[in-house]
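1. this is a predicted model, with the sequence first.
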Amino acid sequence: MKPHAPLLAKLCLPLLAPALALGAASAQAAPAKRPNILLIVADDLGYTDLGAYGAEISTPNLDKLASGGVKMTGFYASPFCSPTRAMLMSGSDNHLVGFGDMAELMLPEQRGKPGYEGNLNERVVPMAQVLKDAGYRTAMAGKWHLGVKEEFSPATSGFEQSYAMVMGGASHWGDQSGIVAMDPAKPPKAIYRENGKAIDIPRDGFYSSQAFTDKLLDYLKSGEKSGKPFFGYLAFTAPHWPLHAPDADIAKYEGRYKEGYDKLRKERLERMKRLGIVPADTPVYEGHAHWPKWESLTPAQQEAEARRMTVYSAMVDHMDRQIGRVLDYLKAKGELDNTFIFFMSDNGADGNSVYDVGRTREWIEKDMDNSTANTGKPGSFIEYGPGWAQVGSTPFKLYKSFMYEGGIAVPAIAWGPGIKGGALKREFAHVTDVAPTIFELAGARHPGTEYQGKPVLPLRGKSMVSWLQGKASTVRSDQDAVGWELGGRKALRKGDWKIVYANKPWGKDGWELYNIARDRTESRDLADENPQKLGEMIVAWKQYVAETGTLEIEGLAYRPGYSNAGKYYDDLAKEAGSAPHAKPQAKP
């Protein structure tokens, strides 16, 4: 099939609307040309980790985008990173495009089944390919996580230039260390690829957020004379663990977190209320009962935890500053007002532990210095932990890997030509809606069900353009059902209603029912009170399973390791050099 030519005759009307200067509306008309597209993804950033969403962390560049564009409070991703990225690049469900589960965690009865290939499968026409066919120059830098081998790299998915860490995570320093060890005698090595070919990163002077931004800027500069608009994908690995940050950034937050989880949670919730992100009567979520309270930790453990949150905040601060560099470049080139920018996190804050995966704990204890003094420096491997993750998810329940709001509700910002400035939108939108939105703005057309003579998956998402411009009140109707499933945990949203399943001790090991419009914190399970609605939602769930080929495997949610890991505070006690917690929690 012949690639699609630019659809100049069908440019969407939004591009003729007034352009927005950063942080304020401009009276000048937008240029009569297709917009550049800048897609930015943070890794494991919590719902409240930006200043615009209630954080104490300094994020002035993202805050300006939020104040000058649309800040979304009802935007949803997957509860895990690679499935979210698969949906982002495809506009379809993760169970259809190759990531029915995390590639690293698939069981034999999943692996290789349709939709469980562990890479973007051949039925996907990736976002970059659609835009490239429409006349865009395409470049990405950062985390890929959609296939490790060269044939599954960004270079085969429509990106003309790419600098990618292709795995799920890595050290942020130049040691190129990976994050999962199957043999403690063989340290894991992260795989980086430039334009598809494996490379080694510089050992000195490398820090992930800065390096990825440097590369993307290099790519954008190299194509300035092409006359083509660009699609740039900047996929940070920050603030994903291991927690690493430059000393100068860490110093900005020294002493800020010594009072612990509960005080910070309340401070953030009060800011969220003042910003209008949550209703004034939203209750404080006190954290899951499985995990200890701040006051029960020893002074040494509290000191170690405070240091971890200090480094985490430094990572977010540094990432925002790198985003500012890209905005400054666009402004200097006169392209900022003609660039559509979409920012999101790939899932909720991460309170799980990789220590239980393979023999990672043995490797860390053998090779790493995780003392409090060394936290954040080269040679350390520190996780974020469930205490801080539950603060990052305020006011929602739990975090990454769960289908409660804390795992799937993420911060999202849209800014650019035709976007109504300063709007806060609460309506439901989903990661699969990003691709059709970008295609409409770019005047590009997804091929539908056939591409170059082969059958392909159509888009499942809906364009958000009219909604972002204030011309439509919603993206989806109350009859649209959107489902989630990963690792045996599952959920479905239809209108104001949501059903959720989580295994014990995290959930009830059965379907729970919530009215999200009235109870976004999921504090009142209505399954017993409203069996009719529960039954209706279960019917919609079964339809979702049939449409997507989701494999429902009995007991899958209980698989040991990462999302059921329960030893974080035991590990913390060792690393902080203190006695174990006085009342150890029951392990799942």
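-> That came through fine.

2. what are the phi and psi values for the nearest residue in space to residue 194 that is not next to it in sequence?
-> Nearest non-adjacent residue to residue 194, counting by Cβ to Cβ, 6 or more residues apart in numbering: residue 163, 5.0 Å away. Yep, even glycine has a C-beta here, placed from its N, CA and C like the rest. With angles defined as degrees, to the nearest 10, residue 163 sits at phi -140, psi 100.

3. what's residue 163 in contact with, if anything?
-> Listed by Cβ atoms under 8 Å, 6 or more residues apart in numbering, the contact set of residue 163 reads 140-142, 192-194, 212, 215-216, 219.

4. report the spatially nearest residue to residue 366, omitting neighbours in sequence.
-> Closest to residue 366 by Cβ to Cβ, 6+ apart is residue 184, at 5.3 Å.

5. can I take it that that neighbour is in a strand?
-> No: going by DSSP: H, G, I helix; E, B strand; the rest coil, the assignment for residue 184 is coil, not a strand.

6. burial of it, as a residue count?
-> Neighbour count for residue 184, taken as other Cβ atoms under 10 Å: 17.

7. that one and residue 176, how far apart?
-> Using Cβ to Cβ, to the nearest Å, residue 184 is found at 18 Å from residue 176.

8. same question for residue 137.
-> Counting by Cβ to Cβ - residue 137 and residue 176 are separated by 29 Å.

9. cool, and residue 344?
-> From residue 344 to residue 176 the distance is 27 Å (Cβ to Cβ).

10. how about residue 244: what's its closest non-neighbour residue?
-> Residue 244 sits nearest to residue 172 (Cβ to Cβ, 6+ apart), 3.9 Å away.

11. that neighbour contacts residue 210, doesn't it?
-> No: using Cβ atoms under 8 Å, residue 172 is not in contact with residue 210, being 9.6 Å away.

12. those two: which has the busier surroundings?
-> A side-by-side neighbour count of residue 172 and residue 210, using other Cβ under 10 Å, places residue 172 first with 29 against 17.

13. check contacts around the more buried one.
-> Going by Cβ under 8 Å, 6+ apart, the list of residues near residue 172 reads 207-209, 237-238, 242, 244-245, 315.

14. what strand or helix carries the residue nearest to residue 404 when sequence neighbours are not counted?
-> Spatial nearest neighbour of residue 404, chain neighbours left out: residue 397 (4.1 Å); criterion: Cβ to Cβ, 6+ apart. Here residue 397 sits in a region with no helix or strand, counting by DSSP states H and E.

15. when you give positions from now on, start the count at 295
-> Taking 295 as the first residue, the last one we looked at is residue 691.

16. wait, residue 691 sits on residue 816?
-> Yes: assessed by Cβ under 8 Å, residue 691 is found in contact with residue 816 at 5.2 Å.

17. residue ranges in the stretch 295-444 of the chain under the pLDDT threshold?
-> In the predicted model, the stretch 295-444 of the chain carries pLDDT under 70 at residues 295-326.

18. repeat for the chain
-> 295-326, 872-882.

19. grab the longest helix from it for me.
-> helix 593-626 (DSSP state H).

20. show me which residues of that helix are buried.
-> 594-618, 620-621, 623-624 (16 or more other Cβ atoms under 10 Å).

21. stretch 333-345 now?
-> In stretch 333-345, the ones that count as buried by 16+ other Cβ under 10 Å are 333-345.

22. distance between the ends of it?
-> End-to-end distance of stretch 333-345 (Cα to Cα, to the nearest Å): 20 Å.

23. what sits closest to residue 755 if chain neighbours are left out?
-> residue 726 (3.2 Å).

24. correction: the previous question concerned residue 612.
-> Using Cβ to Cβ, 6+ apart, the closest residue to residue 612 is residue 543 (4.9 Å).

25. for the one you found, what are its contacts?
-> Taking Cβ under 8 Å, 6+ apart as the test, what residue 543 contacts is 608-609, 611-612.

26. gap between the residue nearest in space to the middle of the chain and residue 404?
-> The centroid of the chain falls nearest to residue 640 when counting by Cα atoms, centre = their mean (1.0 Å). Per Cβ to Cβ, residue 640 is found 21 Å from residue 404.

27. do residue 434 as well
-> 28 Å.

28. which of these two has more residues huddled nearby?
-> Neighbour count, other Cβ under 10 Å: between residue 434 and residue 404, residue 434 has more, with 28 against 18.

29. quick one, helices of the stretch 445-594 of the chain?
-> Applying DSSP state H, counting those that start in this stretch to the stretch 445-594 of the chain gives helices spanning 502-516, 541-545, 555-569, 593-626.

30. out of those helices, which is closest to residue 851?
-> helix 555-569 (25.9 Å; Cβ to Cβ).

31. so which elements touch the closest one?
-> helix 680-686 (3 or more Cβ pairs under 8 Å, 6 or more residues apart in numbering; DSSP states H and E).

32. just checking, what packs against the helix it packs on?
-> helix 555-569, helix 593-626.

33. and the contacts of it?
-> With contact meaning Cβ under 8 Å, 6+ apart, helix 680-686 is reached by 339-343, 555, 558-559, 562, 579, 581-582, 585-586, 588, 599, 602-603, 606, 642-646, 678, 692-694, 700, 862.

34. what comes into contact with the helix or strand just after that helix?
-> Remark: after helix 680-686, the chain's next helix or strand is helix 699-702, criterion DSSP H and E. With Cβ under 8 Å, 6+ apart as the test, helix 699-702 has contacts from 341, 370-373, 641-643, 684, 687, 690-696, 778, 785, 810, 814-816.

35. let's see that with 6 Å instead.
-> Contact partners of helix 699-702, identified using Cβ atoms under 6 Å, 6 or more residues apart in numbering, comprise 370, 373, 642, 687, 690-694.
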